[in-house]
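K.L.:
A predicted structure for the sequence below; I have some questions about it.
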Amino acid sequence: MEMQKLPVNPRAEKLNLEVERLANRLVRSKDEWLGRLHLGGRAAQYDDVHYEFIGGAADVLHKKHYDKSLRLLWKGEAALPWSTFRDCNPYERELIDLAEMNLTDAERAVRQRITSAEFKALLDREYTLEQKRAIVAILSAIGHGEAYAWLVSASLLPEVKSTGAKAALTMQILEEAKHFVVMRELMQAFNVPIPRQSVWEYLLLEGALKAKGLDKFFGMNVLVESIALSIFGLLSTLPGLDVLRLFHLDESRHTALPANYFKEFPMPRWQKKSPLARLRRLKMALPALPLIMLLEAELAVLGIDAFDFAGSVMRKVTHLSERAGFLQPEEAAAQNKLFNQAFNAYCKATRPNHHYKNFMESETTTGEAELAVEREAFSLS
Ligand SMILES: [Fe+2]
Ligand SMILES: [Fe+2]
């Protein structure tokens with residue numbers, strides 16, 4: 001390409017280069033020493049010499065999480081046509097219009113961009129006030145969780161090594177932000193008061209946010225995400241709630257992140273085995289149990305036994321904990337047994353005709369697609 005090169009003072013050019021080299025040596029060696037002495041140093045875990053974050057490329061994480069998230073990226077406007085979201089680009093809008101042109105009149109009437117008022121009327125038609133309250137109470141537990149998921153995933157960004165892991169986590173941050181804002185509109189459409197966080201949710205979520213370093217992966221991606229995944233799996237087949245399928249799909253990807261990350265960057269042995277670290281994680285998980293008991297009445301309104309739900313959730317939590325290396329296989333089996341004994345003891349004390357049941361075998365996710373997603377998320381790497 002033809003470009004008119006301008007003259008430059010060669011002495012100034014040389015001087016600038018030398019000044020930069022000298023300053024670079026001084027700044028970098030000062031930061032390196034401060035880093036070695038744990039007194040600060042460079043803030044970014046970034047390797048500009050190799051144009052990579054510390055930890056390298058980690059292309060597998062990049063492909064499994066970042067690329068996949070972008071492939072499966074969904075928009076509020078397309079999923080909830082009645083909402084205020086206008087996040088589709090012109091191509092997506094065109095696709096929606098084309099798809100609608102191929103529908104029959106009856107199909108279009110269902111699929112059509114119904115208004116917010118019409119969606120609210122659908123909810124009123126399908127559910128009693130008690131059922132609407134129960135659904136919102138259950139959803140709010142995870143709605144507040146989405147706020148924390150957003151904060152926790154953002155706070156994990158500087159903690160993970162490699163370009164691939166940071167890219168994966170960035171997609172999680174984006175998805176949690178979307179979950180929070182979309183969930184708010186969905187719950188507001190029910191037109192019933194949205195409850196505050198129960199103290200158990202508060203303890204659970206504050207625990208995940210305050211957890212140190214990669215323990216956040218346990219608190220959020222294993223524990224909270226398993227509860228979220230189970231709630232979405234439980235409700236996604238109900239009328240007007242099919243958007244929860246998309247949440248469910250995102251959460252299943254988030255639950256797989258710790259195991260995939262530790263495959264690239266194994267957790268130090270002391271962190272896996274340390275009784276103190278295990279105790280910290282158990283303490284983080286404990287509020288989940290009274291939380292599920294607190295939701296017993298709401299779940300019962302929808303015909304769901306809280307302990308079938310609890311068994312379904314805790315089995316998944318134990319499985320993911322073991323797979324990520326937070327638990328050894330024998331500890332996982334003992335933990336499942338302990339949970340089941342606790343559930344049965346509670347049921348024996350509160351239910352007149354309770355017979356022993358292995359709640360850990362229960363499955364409360366109902367949709368075929370959702371079950372297939374969970375099979376993939378829980379058995380795959
Ligand atoms: Fe989420
Ligand atoms: Fe998530």
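P.N.:
Arrived safely, thanks for sending. Ligands and ions are numbered 1, 2, ... in the order given.
K.L.:
who touches the residue of the stretch 251-381 of the chain found nearest ligand 2 in this structure?
P.N.:
Taking Cβ to the ion, ligand 2 has its nearest neighbour within the stretch 251-381 of the chain at His254, 3.7 Å off. No exception for glycine: its C-beta is placed from N, CA and C like everyone else's. Going by Cβ atoms under 8 Å, 6 or more residues apart in numbering, His254 touches Ala149, Gln172, Glu175, Asn221, Glu225.
K.L.:
and which of these is nearest Tyr202?
P.N.:
Ala149 (14.7 Å; Cβ to Cβ).
K.L.:
Using the three-state scheme, assign that closest one.
P.N.:
At Ala149 the chain is in helix, as set by DSSP: H, G, I helix; E, B strand; the rest coil.
K.L.:
correct me, but it touches Met220?
P.N.:
Yes - using Cβ atoms under 8 Å, Ala149 is in contact with Met220, at 6.1 Å.
K.L.:
what sits in contact with each of these two?
P.N.:
Residues touching both Ala149 and Met220 (Cβ under 8 Å, 6+ apart): there are none.
K.L.:
neighbour-wise, which of the two wins?
P.N.:
Taking other Cβ atoms under 10 Å, Ala149 and Met220 do not tie; Met220 has more neighbours (31 against 28).
K.L.:
who's in contact with that one?
P.N.:
Tyr148, Ala149, Val152, Ser153, Leu156, Ala208.
K.L.:
wait, doesn't the last one sit right on Ala147?
P.N.:
Spelled out, it's Ala208. No - counting by Cβ under 8 Å, Ala208 does not reach Ala147; the two are 11.6 Å apart.
K.L.:
the more surrounded of these two?
P.N.:
Of the pair Ala208 and Ala147, Ala208 is the one with more neighbours under other Cβ under 10 Å, namely 26 against 17.
K.L.:
could you point out which element follows the helix or strand where Glu13 lies?
P.N.:
Taking DSSP states H and E as the criterion, Glu13 maps to helix 10-36. Next helix or strand after helix 10-36 toward the C-terminus (DSSP H and E): strand 46-47.
K.L.:
Sheet-wise, list the partners of the helix or strand following that next one with their directions.
P.N.:
As assigned by DSSP H and E, the chain's next helix or strand after strand 46-47 is strand 52-53. The strands beside strand 52-53 in its sheet (DSSP bridges) come out as strand 46-47 (antiparallel).
K.L.:
got the contact list for the strand it pairs with?
P.N.:
Here strand 46-47 has contacts from Phe53, Ile54, using Cβ under 8 Å, 6+ apart.
K.L.:
For Gly76, see how far away the closest residue to ligand 2 within the stretch 1-150 of the chain is.
P.N.:
The minimum distance from the stretch 1-150 of the chain to ligand 2, using Cβ to the ion, falls at Ala149 (4.8 Å). Plainly put, Ala149 is 17 Å away from Gly76 if you go by Cβ to Cβ, to the nearest Å.
K.L.:
For the stretch 51-200 of the chain, which residue gets nearest to ligand 1?
P.N.:
Taking Cβ to the ion as the measure, the stretch 51-200 of the chain has His179 as its residue closest to ligand 1, at 3.7 Å.
K.L.:
tell me how far whatever helix or strand that residue lives in is from the chain's mean position?
P.N.:
Using DSSP H and E, His179 sits within helix 163-188. Relative to its chain's centre, helix 163-188 lies at 8 Å (Cα atoms, centre = their mean, to the nearest Å).
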